[in-house]
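**Q** sequence and predicted structure are below.
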Amino acid sequence: MALKRRQKISPSFSMSSMTDLIFLLLIFFMITSTMVSPNAIKVLLPQGSEQTSAKPMARVIIDKDLNYYGAFGNEDEMPLTMDELTPFLQECAQKEPEMYVALYADESIPYREIVRVLNIANENHFKMVLATRRPDKN
């Protein structure tokens with residue numbers, strides 16, 4: 001009776017595919033985390049039909065109680081007064097000369113507050129973007 005010998009199974013495990021997978025996940029999370037722009041202050045934005053593709057570097061936020069906040073890049077928002085807004089934006093422009101300034105204004109604030117910020121941007125030759133929320137698709 002001719003019995004065949006079983007081939008021995010190697011107990012080693014190849015980790016190369018696992019390291020490739022971990023590397024791809026790391027790249028994915030690094031790329032997506034840089035695209036996220038934190039907005040911790042709750043502002044109800046007016047609705048708009050167009051969305052801009054410009055990535056703002058500085059953010060000016062006006063909430064419903066007329067409190068001003070400013071942030072540069074991915075930094076956290078800090079409270080500002082109207083007098084501190086111009087030096088803040090000029091400091092941001094020194095860091096990044098070709099920056100866009102995004103204005104996040106609650107839809108219930110008076111229009112004159114938006115115009116005041118737009119005038120500051122115009123006087124200092126800053127590029128402004130008015131942030132809106134996406135239209136509701138029914």
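**A** Nice, thanks for sending it over.

**Q** how much space between the residue nearest to Met57 when sequence neighbours are not counted and Val60?
**A** Leaving aside its chain neighbours, Met57 sits nearest to Met99 (3.6 Å; criterion: Cβ to Cβ, 6 or more residues apart in numbering). In this view, the C-beta of every residue, glycine as well, is placed from N, C-alpha and C. For Met99, the distance to Val60 (Cβ to Cβ, to the nearest Å) stands at 12 Å.

**Q** so those two - more neighbours on which side?
**A** The neighbour comparison of Met99 against Val60 (other Cβ atoms under 10 Å) goes to Val60, with 27 against 20.

**Q** my read is that one is in a helix, agree?
**A** No - Val60 is assigned strand when assessed by DSSP: H, G, I helix; E, B strand; the rest coil, not a helix.

**Q** I'd assumed Ala102 was in contact with it.
**A** Yes - at 7.2 Å, Val60 and Ala102 qualify as touching, with contact defined as Cβ atoms under 8 Å.
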